[in-house]
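Colleague: Here is my input, please return the structure:
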Amino acid sequence: MKKATRKEKFNKPEGAPKSMKINKEEGFEKYYLWIVAALSFLIYANTLKFGYALDDYAAILENKSTMKGWAAIGEIFKTSYRFGYIFVADDLYRPLTKSVFAIQWALSPNKPFLCHLTNVVVFMLTCVFSYRFLVDILKGDKSIAFVVSILFASMPIHTEVVSNIKSLDELLGMMFGVLAMHSFFRYANLNSVLQLIKASVFFLLAMLSKESSITLLAVFPLIMYFFSEKKIKELVAPTGAALVSAILFLMMRQNAIGFNQFSLPPSFTDNMLMAAPDAITKYTTAIFLLGRYLLKMILPLGLTFDLSYPSIPFAGISDIGFIISAVVLIAMLTIALMQFKSRNVISFALLFFFITASVSSNIFVIIGTHWGERLMYLPSWGIAFSIVLAVAFLIEKFSSMSKKSLAMIFVLPVVIYSGMSIARNPVWESNETLYRSGLISAPNSTRVQYYMGNFLIKDDVLADKTPQQQEQILREGISYLKRSVELNPTFTDAWNQMGLAYFRLKDNAAAKEAFYKGIETNKNEPTIYNNLGNVLFGEKDYAGCIQLFQKAVALNPNYSEAWANMGSAYGMMGNYDMAIPNFEKAIAADPNNQLANYFLGLTWRNKGNEMLAKQYLDRSEQLKAAKEAMK
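Modeller: From the prediction side, this is the model:
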């Protein structure tokens, strides 16, 4: 067989529409890349003025590790993703993304502009890299590459990813994933070891950004199979290089958190499948949800940031939702398999969707949530690619239209999608805008009701309000929290926050009732014992509150606030010798605990040690000034 020349290698692949012939870059085509860049940036330009929202607090604003800035980088690569946020145990490992957050904080603390700009720029670069990758694998067909790229850029289901700072993990994962795929393609066609090394490095960076990028391991051999002349046996070595990157990632993860250190299974509040009545219903509902994702990609109406239990009913084997989803998904998979042998590009596009959606689908493994539009960011690229290829096929089969008509056909959908994306972005402007949108899009979500109630009872919402206004806001918050526990009576967090709201209203009886109900639902939640202890402290039941604070620190030895509260209780009893070690433990758990430093200083003053009193009181003032400077 004659060896293909470099020029011949970049001819149109088998399976691409015959009418889509290769032309030299001419006319409008030379602007395609710039249009892709401009469109992807402009759609999300209005997010640059947004603040922090939702999970941004756990990843950045309330994460003590992230807030260390540059100094946290080493620690971040040795710990789990949520390390530094209160005391939430997790098995997530995304050190590259978290390191970017730490650097952003070091450069611009408590200022979200840089974070939003990073998200928009990474999204723009991903769309540009995607366009260039498509041009290469389609052997110079800029028309299809352009339409796929602008369709993907405009899809409204991506608003959660680009508008929410925390979703930088999805953005970086896909950007590095696209670069890895492109490098694997170049290796396959140029036999360049350098390209193979680049592909492996990009793949590692993708996994360090988001673990689910590991699914690309199954995509890389498909790229070489569909878009090169390599035989199947020749795919082993380059796939092995990608496998080395995957093993290196898993070793880094093991070193940081260990293979056996897993958080508890998700509650049914977060993943409704945990409450499925049987295994069959669990799988049929998961298939229904995957079909629902497909629908939202194409018909993006009713998008929502949350769809927690019990927003969606379970889909049994006879439910129409499951049946339609199953038929559509089976049809897609059948087309992919039937066209596999002929190396038709649409087979690759469909398989890309199934592979990258495999983890998020909950079909093969249960993850932390049953619904999250951000989870379809990478898989949606395969859907955009499939749609454009299908339309191109129909043009070739049933029309005499030229290939330039392909872009014209998608102008209206892209304009509509872009407008919908721009219109939806403001939902993510702040917590309040986000949660109030959820009350409309998912009123039966126990978490949406909780989020709204929890937001309203926060100190920063109540600040600068009159006592009458504060009471009104607190009671509004309580109404949402009550609705949350009506939807899910076992939702511990909602009971906990309801207790805090009543405590702020000085309704101790109602507060204690809510806290005790929370304890009934979860006897291992340390914050409830601490909060209930504060109620008893206010009632001057120091012995009783000390028992609760002890329970809190027994459940979490690094609970700085509970140690400090216990020190205060001993101090109020005049037992300074017991107060001091508790304050010291509070500071050991969190050196930046301003109140612990302050009360330890006062305690040493009461003990007559002015030197130590001044040391801790000065430290307290420094921490207070630093906190004020960040506002």
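Colleague: tell me the centre residue of this structure?
Modeller: Residue closest to the average C-alpha location in the chain (Cα atoms, centre = their mean): residue 167, at 4.4 Å.
Colleague: Find the nearest non-adjacent residue to it, please.
Modeller: Of all residues not flanking residue 167 in the chain, residue 161 sits nearest, at 4.4 Å (Cβ to Cβ, 6 or more residues apart in numbering). In short, each C-beta sits where N, CA and C put it, glycine included.
Colleague: Would you mind pulling up the elements that the strand or helix carrying that neighbour packs against?
Modeller: Using DSSP states H and E, residue 161 maps to helix 159-163. Applying 3 or more Cβ pairs under 8 Å, 6 or more residues apart in numbering; DSSP states H and E, we find helix 159-163 packed against helix 113-137, helix 168-190.
Colleague: deepest of the ones you listed, which one?
Modeller: Most buried of those, by mean neighbour count (mean count of other Cβ atoms under 10 Å): helix 168-190, with a mean of 25.
Colleague: circling back: gap between the residue nearest to residue 167 and residue 229?
Modeller: Residue 161 sits 36 Å away from residue 229, going by Cβ to Cβ, to the nearest Å.
Colleague: Of the two, give the one with the bigger neighbour count.
Modeller: Between residue 161 and residue 229, residue 161 has the larger neighbour count (other Cβ atoms under 10 Å), namely 26 against 13.
Colleague: okay but the more buried one is in contact with residue 173, surely?
Modeller: No: the pair residue 161 / residue 173 is not scored as a contact, 10.2 Å apart, by Cβ atoms under 8 Å.
Colleague: Run a quick neighbour tally on residue 375.
Modeller: For residue 375, the count of nearby residues is 24 (other Cβ under 10 Å).
Colleague: need the contact list for the closest residue to it other than its chain neighbours.
Modeller: Counting by Cβ to Cβ, 6+ apart, the nearest residue to residue 375 once its immediate chain neighbours are dropped is residue 360, at 3.9 Å. The contact partners of residue 360, taken as Cβ atoms under 8 Å, 6 or more residues apart in numbering, are 212, 367, 372, 375-376, 379.
Colleague: Report the contact partners of residue 76.
Modeller: Listed by Cβ under 8 Å, 6+ apart, the contact set of residue 76 reads 65-66, 83, 95, 98-99, 102.
Colleague: Kindly provide the distance from it to residue 252.
Modeller: According to Cβ to Cβ, residue 76 and residue 252 sit 12 Å apart.
Colleague: Pull up the overlap in contacts between those two.
Modeller: residue 95.
Colleague: State the pLDDT value of residue 394.
Modeller: Listed pLDDT for residue 394 reads 89.
Colleague: Show me what secondary structure element comes after the helix or strand where it lies.
Modeller: Element membership of residue 394 [criterion: DSSP H and E] is helix 379-398. Counting by DSSP H and E, the next helix or strand C-terminal to helix 379-398 is helix 405-424.
Colleague: Would you indicate which residues of that following helix are buried?
Modeller: 406-407, 409-410, 413-414, 417-418, 420-422, 424 (16 or more other Cβ atoms under 10 Å).
Colleague: pLDDT (mean, whole number) over stretch 50-58?
Modeller: 94.
Colleague: no, scratch that, I was asking about stretch 529-539
Modeller: Mean pLDDT, stretch 529-539: 96.
Colleague: and if you look at stretch 414-429?
Modeller: Here stretch 414-429 scores 97 as its mean pLDDT.
Colleague: Export it to PDB, keeping only CA atoms.
Modeller: Output of stretch 414-429 as PDB, limited to C-alpha atoms (Å, rounded to 0.1, in the frame of the first residue of the first chain):
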ATOM      1  CA  VAL A 414     -27.100  30.400  17.300                       C
ATOM      2  CA  VAL A 415     -28.600  33.900  17.600                       C
ATOM      3  CA  ILE A 416     -31.500  32.500  19.700                       C
ATOM      4  CA  TYR A 417     -29.200  30.400  21.800                       C
ATOM      5  CA  SER A 418     -26.900  33.400  22.300                       C
ATOM      6  CA  GLY A 419     -29.700  35.600  23.400                       C
ATOM      7  CA  MET A 420     -31.000  33.000  25.800                       C
ATOM      8  CA  SER A 421     -27.500  32.600  27.300                       C
ATOM      9  CA  ILE A 422     -27.000  36.300  27.800                       C
ATOM     10  CA  ALA A 423     -30.500  36.600  29.300                       C
ATOM     11  CA  ARG A 424     -29.900  33.700  31.700                       C
ATOM     12  CA  ASN A 425     -26.400  34.900  32.900                       C
ATOM     13  CA  PRO A 426     -27.800  37.400  35.400                       C
ATOM     14  CA  VAL A 427     -29.300  34.600  37.400                       C
ATOM     15  CA  TRP A 428     -25.700  33.900  38.600                       C
ATOM     16  CA  GLU A 429     -25.000  37.600  39.600                       C
END
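Colleague: Residues contacting it, please?
Modeller: Under Cβ under 8 Å, 6+ apart, the answer for stretch 414-429 is 39, 43-44, 46-47, 49-51, 53, 150-151, 154-156, 158-160, 163-164, 300, 303, 305, 433-434, 437.
Colleague: what residue ranges in this structure are flagged as low confidence?
Modeller: Scanning the chain for pLDDT under 70 picks out 1-27, 86-89, 259-264, 402-404, 630-631.
Colleague: Please parse this structure into its domains.
Modeller: The record's domain parsing of the chain by automatic domain parsing lists 30-426, 445-522, 524-631.
Colleague: now do the same end-to-end measure for the longest one.
Modeller: From the first residue to the last, domain 30-426 extends over 33 Å; the measure is Cα to Cα, to the nearest Å.
Colleague: distance between it and the chain's centre?
Modeller: With Cα atoms, centre = their mean, to the nearest Å as the basis, domain 30-426 stands 11 Å off its chain's centre.
Colleague: And for stretch 618-626?
Modeller: Put simply, stretch 618-626 sits 34 Å off its chain's centre (Cα atoms, centre = their mean).
Colleague: buried stuff in it?
Modeller: Neighbour-count burial for stretch 618-626 [16+ other Cβ under 10 Å]: 619-620, 623.
Colleague: thinking residue 84 is in contact with residue 59, fair?
Modeller: No: using Cβ under 8 Å, residue 84 is not in contact with residue 59; the gap is 9.4 Å.
Colleague: Report the set of residues contacting both of these two.
Modeller: The contact sets of residue 84 and residue 59 overlap at residue 66 (Cβ under 8 Å, 6+ apart).
Colleague: So between these two, which is more surrounded?
Modeller: With neighbours defined as other Cβ under 10 Å, residue 84 and residue 59 compare such that residue 59 has more, 26 against 23.
Colleague: Just say helix, strand or coil for the nearest residue to that one once chain neighbours are set aside.
Modeller: Distances taken as Cβ to Cβ, 6+ apart put residue 166 closest to residue 59, at 4.8 Å, once the chain neighbours are dropped. Using DSSP: H, G, I helix; E, B strand; the rest coil, the structure places residue 166 in helix.
Colleague: Residue 166 reaches residue 55, doesn't it?
Modeller: Yes: Residue 166 lies in contact with residue 55 (Cβ under 8 Å); the separation is 4.1 Å.
Colleague: what's the span of stretch 47-61, first residue to last?
Modeller: Start-to-end, stretch 47-61 (Cα to Cα) is 18 Å.
Colleague: Pull out the buried residues from it.
Modeller: By 16+ other Cβ under 10 Å, the buried positions in stretch 47-61 come out as 47, 50-56, 58-61.
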